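K.L.:
Sequence and predicted model, in that order:
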Protein chains: 2
Amino acid sequence: MKLVLFEAKTVSDVRELLKEHLKNIRLKTEEVDLINSFGRVLAEDVISAEDIPGFNRSTVDGFAVIAQNTFGATESLPALLTLAGEIMMGEKTKVKLLPNQTVKISTGGMLPENADSVVMIEYTQTLDSTTLCVEKPVAPGENVVSKGEDIKRGTVLFEKGHTIRPQDLGALASIGKDKVKVIAPPLISVLSTGDEVVSPNKPLKPGQVRDINTYAISGQVLKWGAKPETFGIIGDDYDKLYSAVKKALESSDVVLLSGGSSVGTRDHTVRVIENLGTPGVLAHGLPVKPGKPTVIAIVEGKPVIGLPGHPVSAMVIFELIVRPIISILLGRPENYGGLKVKAKISRNMSSAAGRQDFIRVHLEDRDGELWAVPILGKSGLISNMVEADGIAEIPSEKQGVLQGEWVEVELF
Amino acid sequence: MKLVLFEAKTVSDVRELLKEHLKNIRLKTEEVDLINSFGRVLAEDVISAEDIPGFNRSTVDGFAVIAQNTFGATESLPALLTLAGEIMMGEKTKVKLLPNQTVKISTGGMLPENADSVVMIEYTQTLDSTTLCVEKPVAPGENVVSKGEDIKRGTVLFEKGHTIRPQDLGALASIGKDKVKVIAPPLISVLSTGDEVVSPNKPLKPGQVRDINTYAISGQVLKWGAKPETFGIIGDDYDKLYSAVKKALESSDVVLLSGGSSVGTRDHTVRVIENLGTPGVLAHGLPVKPGKPTVIAIVEGKPVIGLPGHPVSAMVIFELIVRPIISILLGRPENYGGLKVKAKISRNMSSAAGRQDFIRVHLEDRDGELWAVPILGKSGLISNMVEADGIAEIPSEKQGVLQGEWVEVELF
């Protein structure tokens, strides 16, 4: 067992291997209505075919002017301009401003030809039906969004692989994208194993525990934009496991097995994978705590991952290995993922050199400084994860961190 | 206009008013399968009816022992124990350990009576079919999760109002909750107004712009766990607006109007609200930049919010006013919401005293320190929000921030 640890591939080795195996995978795409594209991943670059706005647009209620005509204007010596009409919203006026002319305009209105700025209504007085007093000068461009100022024609607004946020829906609407081509969510099979594991809707007998991993892992699958397909609990039996994994491989893009923390089940998992196709197991055991007993495999082009049985370990390995796989299958940038913040660790934590340690932490604001308070406890305890705000990493080259040292915390 | 600014209620005034008006609202609940409860909000406290685990459980593969029988054991002088069988996974053994007896156990197995710890298989040698050499002592409790150590019977695992994360799905499964009572998502009507606004699927005529706000705001509604119902674009016409808002009030829990940045539409909005029911408008104008021209109302118990027409302003006001409303309607804790980080501002920014300023910023890591780089530009530009990573606040009591000063940035 110890030898395996030292020979083991690191997390980044495994990620590179998986990337290599998945590099020619064809991503499935689909077209959805703009309103349904929130949270989805763009399947193509989005380039604006237009200038946005398509015209010089007022940002205030007031009067469109030639800025030069207002220079030097004050309350006691206002500029007197001739009113030449009013701009209707959503229309192009036929008026073309002559020197010392002005037209009334509302926020969002299209400036008439020759106008280069807008005086706010607060700085004007209407003398009579044709005369406006301007009491403050404006600079050219003032209170105007000029044509193309928001988005220039030809701009790559979003690159392929971008995950759509609320403001992006707005930007896509602004350039007239009412249909959006997105990546179809990868299907991920979730299988639990172990003779001691029972479904949450069944009463427990002594020695039995409920299936935690199917649910925690399905939640992670959903969180990262893929679709879980649950297969329930498979007993510690080679044939049952073989048929279940075979079926899962046929219907989904990734197969995740978890539970089965006993040696027997782990052996079954490896044998099933090796017998289902090539290249089979790429790595067995990871130099990570928690999460050592992990099996990484590719079977006929599809990742099959044997997650540790302990829920905390399974969730950590999911974030380290499965999340990057989902990113590949969604065409997301490689580093897409959990948000990281820096915090000071509240106590000394030791770690073996050559091993990445992941510590569940609770975050606390102490006098304006962020502190990460480790939640100690066994990796089998789900309550541990419930209390945690995130996970701090001790990199493999370090043998620990000292109290007050800065650590990176990935937030849940 | 300026007078309105100084008389205006602050954002926290408005939040308090809305809270008061919504305090007796009855939240709708529904029961969903555990697997479908990800991201939903709990409608009741969840209390564990059981100890988890329900028995003392091994966390390793090895041999269950009475710790005392291993004290002093070394490789050269191992403790010799009598093998009394093997624990089957998921079952309670009939074996009751006698002094100097041991049984084989797998990870996750149930300890036999009298055993208090487990020796890892790595530190043992099987001498013959009935004799085990233990080469390292264990302490009582070592390699064991004891009954109730994860979750004690009677523990309030989650409080009402908690939003369910992946690990919470696992914890709910562990205590046997296969059905979960959650709050039904509030329905939020989204109406755009303005004669210059057209749907994204239509070609633009000069002077027209596309409807950005329906999409950006619907995205925000989805992001915070409510359900948008879009009403499309209503022209600058009192009667049309009246019937649309009336219909929206009948079918949803909150009505959001946006666009209509011109004085005329703003006036319509206020008149429509006043004529639809009581108490009507609570606040008109907020001392906030961007976002001043906001209308806050309650009509027959339901919030009706007139958001500013500029997309950036509308989105900021949504986060300040509408997100807390959604939290109330979902029974979430008051402070639920956007994640905040601290960063140093990269340039001086001025602000009027008595006004809350919200600056779009891009975050940069400079030598391990987080800096917030303001994205300057008009609040009408959606591209502004696309580039931003979050929003920094200059509180109303400050007249600005200096370069290098710490600011709080709420992330998107």
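P.N.:
Perfect, thanks for sending it.
K.L.:
got the contact list for A:Glu410?
P.N.:
Contact partners of A:Glu410, counting by Cβ atoms under 8 Å, 6 or more residues apart in numbering or on different chains, are A:Glu319, A:Gly337, A:Gly338, A:Leu339, A:Lys340, A:Gly390, A:Ile391, A:Ala392, A:Glu393. Bear in mind the C-beta positions are built from the backbone N, C-alpha and C, glycine included.
K.L.:
Actually, A:Ile391.
P.N.:
A:Ile391 touches A:Val316, A:Glu319, A:Phe358, A:Ile359, A:Arg360, A:Val361, A:Val409, A:Glu410, A:Phe412, counting by Cβ under 8 Å, 6+ apart.
K.L.:
could these go into JSON lines alongside distance to B:Ala43, secondary structure and pLDDT?
P.N.:
Listed next are the contacts of A:Ile391 as JSON lines, based on distance: Cβ to Cβ, whole Å; DSSP: H, G, I helix; E, B strand; the rest coil; pLDDT from 0 to 100:
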{"residue": "A:Val316", "distance to B:Ala43": "30", "secondary structure": "helix", "pLDDT": "92"}
{"residue": "A:Glu319", "distance to B:Ala43": "29", "secondary structure": "helix", "pLDDT": "93"}
{"residue": "A:Phe358", "distance to B:Ala43": "33", "secondary structure": "strand", "pLDDT": "91"}
{"residue": "A:Ile359", "distance to B:Ala43": "33", "secondary structure": "strand", "pLDDT": "92"}
{"residue": "A:Arg360", "distance to B:Ala43": "28", "secondary structure": "strand", "pLDDT": "92"}
{"residue": "A:Val361", "distance to B:Ala43": "29", "secondary structure": "strand", "pLDDT": "94"}
{"residue": "A:Val409", "distance to B:Ala43": "31", "secondary structure": "strand", "pLDDT": "92"}
{"residue": "A:Glu410", "distance to B:Ala43": "30", "secondary structure": "strand", "pLDDT": "88"}
{"residue": "A:Phe412", "distance to B:Ala43": "22", "secondary structure": "coil", "pLDDT": "78"}
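K.L.:
Relative to chain B, which of those is nearest.
P.N.:
Distance to chain B across those (Cβ to the nearest Cβ) is lowest for A:Phe412, with 5.9 Å.
K.L.:
neighbours around that closest one, how many?
P.N.:
19 (other Cβ atoms under 10 Å in any protein chain shown).
K.L.:
Now for the contacts of A:Glu410: which two are most distant?
P.N.:
The distance between the two most remote of these (Cβ to Cβ) is 15.5 Å, for A:Gly337 and A:Ala392.
K.L.:
So for the two, which sits in the more crowded spot?
P.N.:
Each of A:Gly337 and A:Ala392 has its neighbours counted (other Cβ under 10 Å); A:Ala392 has more, 25 against 15.
K.L.:
which residues does that one contact?
P.N.:
A:Ala392 neighbours (Cβ under 8 Å, 6+ apart): A:Ala343, A:Ile345, A:Phe358, A:Ile359, A:Val361, A:Ala372, A:Pro374, A:Val407, A:Glu408, A:Val409, A:Glu410.
K.L.:
Now for the second one: which residues touch it?
P.N.:
Okay, so that is A:Ile345. Going by Cβ under 8 Å, 6+ apart, A:Ile345 touches A:Val361, A:Trp371, A:Ala372, A:Pro374, A:Ala392, A:Val401, A:Leu402, A:Gln403, A:Gly404, A:Glu405, A:Trp406, A:Val407.
K.L.:
export these to CSV and tack on distance to A:Arg210 and secondary structure?
P.N.:
Listed next are the contacts of A:Ile345 as CSV, based on distance: Cβ to Cβ, whole Å; DSSP: H, G, I helix; E, B strand; the rest coil:
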residue, distance to A:Arg210, secondary structure
A:Val361, 26, strand
A:Trp371, 34, strand
A:Ala372, 30, strand
A:Pro374, 27, strand
A:Ala392, 29, strand
A:Val401, 35, strand
A:Leu402, 39, coil
A:Gln403, 37, coil
A:Gly404, 40, coil
A:Glu405, 38, coil
A:Trp406, 38, strand
A:Val407, 33, strand
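K.L.:
my guess is A:Asp253 meets A:Leu187, correct?
P.N.:
Yes. Between A:Asp253 and A:Leu187 there is a contact under Cβ atoms under 8 Å: 5.2 Å.
K.L.:
Now whichever residue of the stretch 301-412 of chain A sits closest to chain B: closest residue in space that isn't a chain neighbour?
P.N.:
Closest residue of the stretch 301-412 of chain A to chain B, Cβ to the nearest Cβ: A:Met385 (3.7 Å). Closest residue to A:Met385 apart from its sequence neighbours, by Cβ to Cβ, 6 or more residues apart in numbering or on different chains: B:Gln167 at 3.7 Å.
K.L.:
Please look at the one you found and A:Ala216 and confirm they touch.
P.N.:
Yes. Counting by Cβ under 8 Å, B:Gln167 touches A:Ala216, with 5.7 Å between them.
K.L.:
Same drill for the two, tell me which one is more crowded.
P.N.:
For B:Gln167 versus A:Ala216, the count of surrounding residues by other Cβ under 10 Å is larger for A:Ala216: 29 against 25.
K.L.:
Which parts of chain A are helices?
P.N.:
A:2-7, A:11-22, A:166-174, A:213-223, A:238-251, A:263-276, A:311-317, A:323-330, A:382-387 (DSSP state H).
K.L.:
Check whether stretch A:280-295 comes near chain B.
P.N.:
No. Using Cβ under 8 Å from any Cβ of the partner chain, stretch A:280-295 stays clear of chain B, coming no nearer than 8.9 Å.
K.L.:
per-residue confidence averaged over that stretch?
P.N.:
For stretch A:280-295, mean pLDDT rounds to 89.
K.L.:
cool, stretch A:196-210 as well?
P.N.:
Averaged across stretch A:196-210, pLDDT comes to 93.
K.L.:
what comes into contact with that stretch?
P.N.:
A:211, A:215, A:232-233, A:259, B:34, B:50, B:52-55, B:57, B:88-92, B:108-110, B:172-178.
K.L.:
Tell me the bridge partners for A:Glu369.
P.N.:
A:Arg366 (DSSP bridges).
K.L.:
roughly how far apart are it and A:Gly404?
P.N.:
10 Å (Cβ to Cβ, to the nearest Å).
K.L.:
again with A:Val304
P.N.:
Look at A:Val304 and A:Gly404: by Cβ to Cβ, they are 42 Å apart.
K.L.:
quick check: domain ranges of chain A?
P.N.:
Chain A breaks down into these domains under automatic domain parsing: A:2-28+A:185-330, A:30-52+A:150-183, A:57-145, A:340-411.
K.L.:
Between B:Gln167 and A:Ala216, which contacts overlap?
P.N.:
Common contact partners of B:Gln167 and A:Ala216 (Cβ under 8 Å, 6+ apart): A:Pro311, A:Met315, A:Ile382, A:Met385.
K.L.:
What's the local residue count around the last one?
P.N.:
The number of residues packed near A:Met385 is 25, by other Cβ under 10 Å.
K.L.:
Wait, it touches A:His310, no?
P.N.:
No. Between A:Met385 and A:His310 there is no contact under Cβ under 8 Å: 10.6 Å.
K.L.:
and the domains of chain A as JSON lines, adding distance to B:Thr278?
P.N.:
Conversion of the domains of chain A to JSON lines gives the following (distance: least, Cβ to Cβ, whole Å):
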{"stretch": "domain A:2-28+A:185-330", "distance to B:Thr278": "42"}
{"stretch": "domain A:30-52+A:150-183", "distance to B:Thr278": "32"}
{"stretch": "domain A:57-145", "distance to B:Thr278": "30"}
{"stretch": "domain A:340-411", "distance to B:Thr278": "42"}
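K.L.:
can you list the weak-confidence ranges in the stretch 101-250 of chain A?
P.N.:
Applying pLDDT under 70 to the stretch 101-250 of chain A flags no residue at all.
K.L.:
so how many other residues sit close to A:Ile25?
P.N.:
14.
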